[in-house]
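A.B. asks: everything below, folded, please.
(one chain, ligands or ions: 1)
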Amino acid sequence: MTAELIDGKKISQEIRKGLEKEVAELTAKGMKPGLAVILVGDNPASRTYVTSKQKSCRAIGMESVLIEYPADVSENELLNKIRELNADDSIHGILVQLPIPPHISETKVIETISPEKDVDGFHPINIGKMMTGQDTFLPCTPFGVMEMLKYIGITSEGKHAVIIGRSNIVGKPMGQLLLNENATVTYCHSKTRDLKSFTKQADILVAAVGRAKMVKAEHIKQGAVVIDVGMNKDENGKLCGDVDFEDVKDKASYVTPVPGGVGPMTITMLLYNTVKSAQNRLNNRNDK
Ligand SMILES: Nc1nc(=O)c2c([nH]1)NC[C@@H]1CN(c3ccc(C(=O)N[C@@H](CCC(=O)O)C(=O)O)cc3)C=[N+]21
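C.D. replies: You can find the predicted model right below:
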């Protein structure tokens, strides 16, 4: 069997087309969706991602503001900027590009962003809502993965989903969203013994560890759906995922490529959340 590709670019395009219409409608009602991105320091990879987020916003008619600080900006200055953006009616989404320098508390930054503008879905209030199945902003990467599964018609109910990785922004919420869709979920991580014994049981395997090409054919079950969240550099400095694509492609039923898989979906769901935030704001205004 040769696996089918899950084309994140194509799925993204379709979703973004729908969003573009919503943006036009919101703009006509005086509620043009606006995203503020804060970049601290000059990590080249972060800059690339941020530029790509801005371009994607503008391509569908949204407003996008970039706020840059040198790496030695004080925590207070950053938090005050976030408070200012919380109060700014033209801004519906606030994203502080991670990682941030170690002298600034990531927890404080995330908790200072108003939950209504937390389009990353990282605020504890929004995480709590996600856990209890309430409507909220879902973290963009796992949300994008769920949309990819939906697009190819893969249901999660009763399936065994195995996640490799337990980060707060990808692994943990990924498992929660799959659980919300009635999958049986197993989390694996760096302390897991006999990783393969778990991954081989997966109907849906999500790799989110950050180790280049670590998932091989021997890790997966015949016909598994393999989702690659990794963004690594291979030995030649080329972008590659956590999955050894060439190795698994004849054993999996579906596999996501890197690039062109989960990455573009992450940005698409960020746009989605920002549009949703502007819509929420409009609804609140009309309720008053
Ligand atoms: N507050 C915050 N929110 C984030 O969502 C966030 C963050 N911080 N920090 C960094 C990570 C990383 N991330 C990516 C998004 C899209 C691609 C993406 O579009 N990748 C392209 C390739 C890009 C390339 O060629 O380098 C692809 O997979 O096809 C990658 C990585 C969002 N992140």
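A.B. asks: C-alpha from now on. contacts and neighbour counts both.
C.D. replies: Will do.
A.B. asks: residues near the nearest residue to residue 261 once chain neighbours are set aside, how many?
C.D. replies: Once flanking residues are discounted, residue 261 sits nearest to residue 8: 4.1 Å by Cα to Cα, 6 or more residues apart in numbering. Counted with other Cα atoms under 10 Å, the neighbours of residue 8 add up to 25.
A.B. asks: now residue 8: phi and psi?
C.D. replies: phi -60, psi -30 (degrees, to the nearest 10).
A.B. asks: so it sits right up against residue 149, yeah?
C.D. replies: No - the criterion here is Cα atoms under 8 Å, and residue 8 misses it with residue 149 at 10.6 Å.
A.B. asks: ok, the residue of the stretch 101-250 of the chain found nearest the ligand - contacts?
C.D. replies: Residue nearest to the ligand within the stretch 101-250 of the chain: residue 120 (5.8 Å; Cα to the nearest ligand atom). Counting by Cα atoms under 8 Å, 6 or more residues apart in numbering, residue 120 touches 95, 137, 138, 139, 140, 270, 273.
A.B. asks: so which of these also contact the ligand?
C.D. replies: By Cα under 6 Å from any ligand atom, the members of the contacts of residue 120 lying near the ligand are residue 95.
A.B. asks: and the contacts of residue 120, which of them are in helices?
C.D. replies: Assigned to helices by DSSP state H, the following of those qualify: 140, 270, 273.
A.B. asks: okay, now the first one: neighbour count?
C.D. replies: To tie it back to what came earlier, the one meant is residue 140. 28.
A.B. asks: from what I see, it and residue 270 are in contact.
C.D. replies: Yes - assessed by Cα under 8 Å, residue 140 is found in contact with residue 270 at 5.7 Å.
A.B. asks: picking up where we left off before, so which strand or helix has the residue of the stretch 101-250 of the chain closest to the ligand?
C.D. replies: Using DSSP states H and E, residue 120 sits within no helix or strand.
A.B. asks: same check, this time on the one 5 residues further on
C.D. replies: Here residue 125 sits within helix 124-131, counting by DSSP H and E.
A.B. asks: again, but for residue 186
C.D. replies: Per DSSP H and E: residue 186 is located in strand 184-188.
A.B. asks: buried ones in the helix or strand that that strand is followed by, by neighbour count?
C.D. replies: On the C-terminal side of strand 184-188, the nearest following helix or strand under DSSP H and E is helix 195-199. Within helix 195-199, the residues scored as buried using 16 or more other Cα atoms under 10 Å are 198, 199.
A.B. asks: pull helix 195-199 out as PDB, backbone CA atoms only.
C.D. replies: In PDB, the C-alpha atoms belonging to helix 195-199 read as follows (Å, rounded to 0.1, in the frame of the first residue of the first chain):
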ATOM      1  CA  LEU A 195       7.900   3.400  22.700                       C
ATOM      2  CA  LYS A 196       7.400   1.100  19.800                       C
ATOM      3  CA  SER A 197       5.000  -1.200  21.700                       C
ATOM      4  CA  PHE A 198       2.600   1.800  22.000                       C
ATOM      5  CA  THR A 199       3.100   3.400  18.600                       C
END
